[in-house]
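Colleague: Next comes the sequence, and after it the predicted model I'd like to discuss.
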Amino acid sequence: MSKTFRAWKIDQPLLLPLAVQDFVAPGHLARFVLALIADEIDLIVIVAAYSNEKGQPPFNPHMMTALLLYAYCCGIYSSRRIALACRERVDFMSIVAFDPPDFRTIATFRKRHLKALSGLFVQVLKLCEKAGLVKLGHVALDGAKIKANASKHKAMSYERMEKRAAELEAEVARWLSSAEAADAGEDKLYGRDRIGEEMPDWVADKKRRAETIRAAKAAAEAKVKEEAAAEEKRQAKGRRSRVRKPLPPPLGPIPKPRGTLLIPKAGS
């Protein structure tokens with residue numbers, strides 16, 4: 001009796017529209033970052049840079065900023081890896097809303113607004129730390145707590161605040177330098193306009209894909225048979241080498257055995 005399995009509906013179209021925010025839980029980091037950038041952080045410096053631009057509408061700066069911040073909090077710095085995540089990971093889809101930017105757009109946005117992004121990201125980390133977050137994705141925010149009340153240790157508190165601010169600035173600088181290094185390395189490895197994930201043309205064509213895979217399977221089976229025949233030949237040669245060879249004939253005539261020596265009995 002055959003087993004019944006749950007239906008696998010990979011080709012069934014979605015009949016009802018989904019809200020991309022429903023892809024992740026209400027308390028998910030992606031939702032938090034998106035709300036933080038959309039509602040709490042002022043992006044006037046970045047938005048103003050597009051006031052006189054013509055041509056096709058650019059991606060929303062709030063979305064791009066939220067995307068970079070979320071990716072860096074997840075430890076993803078490469079623009080190519082970020083672009084891939086936008087197409088394959090639902091947490092990234094919940095930010096880009098089925099309109100993923102390509103990796104070159106992501107890299108260009110980072111480079112164009114590098115200074116502004118650096119300041120904004122430091123602002124976000126400070127805000128999250130003040131709000132009592134222990135961590136923001138991969139970023140630890142559990143530094144020593146600073147007392148708000150004035151005391152004889154006030155100077156030390158200010159010193160500690162300055163040190164913590166420098167630590168957060170260094171963390172953001174590490175994000176941006178890691179992103180630059182990752183993009184430069186992958187540009188050199190794959191080429192400036194290639195993502196590095198490209199598949200051969202035949203993969204997308206159903207007929208060519210089937211023909212290529214069948215040919216590969218036939219070649220693999222032929223290889224197995226060839227290796228089996230070689231192994232059998234090797235074993236047969238080993239068996240022959242273990243057969244005991246006859247001893248060579250002795251050199252010269254074989255001496256005849258002598259007669260038995262009779263010892264006479266006493267008194268005979």
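Modeller: The structure has been received and is ready for your questions. Numbers count the residues shown, from 1 in each chain.
Colleague: and the gap between residue 135 and residue 182?
Modeller: As for residue 135, its distance to residue 182 is 22 Å (criterion: CB to CB, to the nearest Å). To be clear about C-beta, it is placed using only N, CA and C from the backbone, and glycine gets the same treatment.
Colleague: Which one of the two is surrounded by more residues?
Modeller: Neighbours were counted for residue 135 and for residue 182 using other CB atoms under 10 Å; residue 182 has more, 18 against 12.
Colleague: what about that one, is that helix, strand or coil?
Modeller: The three-state assignment at residue 182 reads helix, by DSSP: H, G, I helix; E, B strand; the rest coil.
Colleague: Could you pull up the contacting residues of the closest residue to it other than its chain neighbours?
Modeller: When the adjacent residues along the chain are set aside, residue 182 lies closest to residue 78, with 3.9 Å between them (CB to CB, 6 or more residues apart in numbering). Residues in contact with residue 78 (CB atoms under 8 Å, 6 or more residues apart in numbering) are 103, 179, 182-183, 186.
Colleague: Export these to JSON lines and append columns for distance to residue 91.
Modeller: Rendered in JSON lines, the data for the contacts of residue 78 read as follows (distance: CB to CB, whole Å):
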{"residue": "103", "distance to residue 91": "18"}
{"residue": "179", "distance to residue 91": "19"}
{"residue": "182", "distance to residue 91": "20"}
{"residue": "183", "distance to residue 91": "22"}
{"residue": "186", "distance to residue 91": "22"}
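Colleague: Show me the helices in the stretch 151-268 of the chain, by range?
Modeller: Listed in chain order, the helices of the stretch 151-268 of the chain (DSSP state H, counting those that start in this stretch) span residues 154-190, 206-242.
Colleague: quick one, which of those helices is packed in tightest?
Modeller: helix 154-190 (a mean of 14; mean count of other CB atoms under 10 Å).
Colleague: Mind checking the helices of the stretch 151-268 of the chain for the one nearest to residue 13?
Modeller: Among the helices of the stretch 151-268 of the chain, the nearest to residue 13 by CB to CB is helix 206-242 (19.1 Å).
Colleague: do you know how far the residue nearest the centre of the chain is from residue 103?
Modeller: For the chain, residue 81 is the residue whose C-alpha lies nearest the centre (CA atoms, centre = their mean; 7.7 Å). Residue 81 sits at a distance of 8 Å from residue 103 (criterion: CB to CB).
Colleague: that older thread, any chance of the helices of the stretch 151-268 of the chain in CSV with mean pLDDT and distance to residue 12 as columns?
Modeller: Formatted as CSV, the entries for the helices of the stretch 151-268 of the chain read as follows, by pLDDT from 0 to 100; distance: least, CB to CB, whole Å:
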stretch, mean pLDDT, distance to residue 12
helix 154-190, 84, 35
helix 206-242, 83, 19
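Colleague: Can I get the ones you listed in a markdown table including distance to residue 116?
Modeller: Compiled in a markdown table, these are given as follows (distance: least, CB to CB, whole Å):
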| stretch | distance to residue 116 |
| --- | --- |
| helix 154-190 | 11 |
| helix 206-242 | 46 |
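Colleague: And those: which comes nearest residue 117?
Modeller: Distances from residue 117 to each of those were compared by CB to CB, and the smallest falls on helix 154-190, at 7.2 Å.
Colleague: Point out the other helices and strands that the closest one packs with.
Modeller: Counting contacts by 3 or more CB pairs under 8 Å, 6 or more residues apart in numbering; DSSP states H and E, helix 154-190 packs against helix 61-73, helix 79-88, helix 103-112, helix 114-130.
Colleague: quick one: contacts of the third one?
Modeller: Counting by CB under 8 Å, 6+ apart, the neighbours of helix 103-112 from elsewhere in the structure are 49, 59, 61, 64, 67-68, 78-80, 82-84, 101, 117, 176, 179-180, 183, 193, 195.
Colleague: Report the buried members of those residues.
Modeller: By neighbour count, with 16 or more other CB atoms under 10 Å, the contacts of helix 103-112 hold 61, 64, 67-68, 78-80, 82-84, 101, 117, 176, 179-180, 183, 195 as buried.
Colleague: wait, residue 59 sits on residue 101?
Modeller: Yes: contact criterion CB atoms under 8 Å: residue 59 and residue 101 qualify, at 5.3 Å.
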